[in-house]
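[1] Sequence first, then the predicted structure, then my questions.
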Amino acid sequence: MSGMASGGCQCGAVRFRGSKFGRASICHCRMCQKAFGGFFGALVTVHDLEWTRGTPRYFQSSNRVKRGFCGDCGTPLTYDYGGPVEVAVGSFDKPEVVPPTIQVNPADKRAFFDGLCSLPTRAGGTEPEQEKFNATVISYQHPDRDTAEWPPRGGF
Ligand SMILES: [Zn+2]
Ligand SMILES: [Zn+2]
C-alpha cells in the first residue's frame with residue numbers, strides 16, 4: 001500500500017506522516033491491551049515514518065520494546081522494537097488507508113471479543129438527555145488533517 005497518509009494524537013501535539021506501509025494487524029497480547037487501554041492493539045509498520053509536529057514520549061514496556069505516546073494527552077502512537085516503527089492504526093487521520101488484515105497473539109484474546117460485533121446497538125437520537133449533553137460539547141480534539149497551528153490561535 002502506498003500514498004502519503006498523516007495522523008497524530010488526540011490533542012495535536014504530536015503529528016506524523018508516511019507513505020510506505022506494511023500489513024496492518026490487530027494484536028491481542030496483554031501488553032497491547034494495557035498500552036491501548038482497549039481489547040487489542042491495532043498497528044501497522046510505517047517504513048518512512050516522519051514526525052511533522054512534536055515527538056512521542058516513550059515507555060519501555062519490555063527489554064525489547066518501547067511504546068511511544070503523546071506526553072501531553074496520552075494517545076498511544078507507536079510500537080518500537082528497534083526495526084521499522086509500527087504506528088497505531090487508530091491514530092491515522094484516515095485509518096481506512098491501513099485496514100487490519102490479520103490477528104496476532106490470539107492466546108491473550110479476551111473471551112468476549114468475538115461477540116462484540118453482535119452486541120445490541122442503541123440508535124442515535126433515542127436518548128434525549130444524551131442529545132442535550134452532546135449539543136453542548138465543544139471538541140478540543142485535533143481534526144483529522146494537518147493544521148498550520150494547533151490549538152487554533154483564536155481559541156475554540
Ligand atoms: Zn497529544
Ligand atoms: Zn501486542
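    Yes, it's here. Ligands and ions are numbered 1, 2, ... in the order given.
[2] Show me the strands in the chain, by range?
    Using DSSP state E, the strands found in the chain span residues 5-8, 15-18, 25-27, 41-45, 50-53, 57-60, 66-69, 76-80, 86-88, 102-104.
[3] what's the first one packed up against?
    Spelled out, that is strand 5-8. Counting contacts by 3 or more CB pairs under 8 Å, 6 or more residues apart in numbering; DSSP states H and E, strand 5-8 packs against strand 15-18. Yep, even glycine has a C-beta here, placed from its N, CA and C like the rest.
[4] The strand it packs on - what's its average pLDDT?
    The pLDDT scores in strand 15-18 average 98.
[5] Adjacent strands (with direction) for it?
    strand 5-8 (antiparallel), strand 50-53 (antiparallel) (DSSP bridges).
[6] Tabulate those (TSV), appending mean neighbour count and distance to residue 109.
    Formatted as TSV, these follow (neighbours: other CB atoms under 10 Å; distance: least, CB to CB, whole Å):
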stretch	mean neighbour count	distance to residue 109
strand 5-8	23	26
strand 50-53	14	32
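[7] Which one of the ones you listed lies nearest to residue 30?
    strand 5-8 (25.1 Å; CB to CB).
[8] Quick one: residues in contact with that closest one.
    Counting contacts by CB atoms under 8 Å, 6 or more residues apart in numbering, the residues outside strand 5-8 that touch it are 14-19, 21, 52-53, 75, 87, 91-94, 97-98, 142, 145-146.
[9] now check that strand, is it near ligand 1?
    No. Strand 5-8 lies apart from ligand 1 when judged by CB under 5 Å from the ion; the minimum separation is 7.3 Å.
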